[in-house]
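Engineer: I need the structure of the sequence given here:
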Amino acid sequence: MLGGQTLQELRISCSLAQQEREGGVSPFVSPMAQVRDAGNLLTRADLALPTVDLDTFLMRYSSAVALVSHLRLMGESNALRVKRGSGLKRDTALAAAAAYQALYCDDDQSDHITATYQVIFMTGWSPSRSTPKAAKRGSATVSFHEMAEELQKRGAVAGKAEPDRQGDGTAN
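Structural biologist: A predicted model of the protein is given here:
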């Protein structure tokens, strides 16, 4: 499921252009879920061990027009039909594209824009007697700090692992 920061740049650009050109704002991007909403959904569904994870991706596009074209090709049009008129007016759409380019130009490639996609992953288990139970709060025997120190000693911290020189899965 897409998270709340997805296409934030497009939403802001459309809002700015609409406010300037039309004197008001209508939603042109469907509402997105927040992480807490996903967790609440799993809990209300009475799933055991609910887990929610979030990944954020920054994608590059040559222009706002290319972004909108990509969204349309994916079938991602606005699910909300309660809006003023039938869509963005041409001059408002052009103003939104210009605002997007000005505000969210990619630093590495000045002729490209970035778009944020947030993906929420949810996992839950159907309750049963065999479903593992979460440990009680405060029952851990090792702190996160101690665990991190041990992982650093073993070279298991990202980017610091030593190559396997013996061929048996152990580092020298």
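Engineer: count the residues that sit near the residue nearest to T123 when sequence neighbours are not counted.
Structural biologist: Ranked by Cβ to Cβ, 6 or more residues apart in numbering and with sequence neighbours excluded, the top spatial neighbour of T123 is T51, at 4.5 Å. For glycine as for every other residue, the C-beta is placed from the backbone atoms N, C-alpha and C. When counting by other Cβ atoms under 10 Å, one arrives at 13 neighbours for T51.
Engineer: are we agreed that T51 is in a strand?
Structural biologist: Yes - according to DSSP: H, G, I helix; E, B strand; the rest coil, the state of T51 is that of a strand.
Engineer: go ahead and confirm it touches G124.
Structural biologist: Yes - using Cβ atoms under 8 Å, T51 is in contact with G124, at 7.2 Å.
Engineer: quick check: neighbours shared by these two?
Structural biologist: The contact sets of T51 and G124 overlap at L42 (Cβ atoms under 8 Å, 6 or more residues apart in numbering).
Engineer: give me the pLDDT value at A135.
Structural biologist: Listed pLDDT for A135 reads 81.
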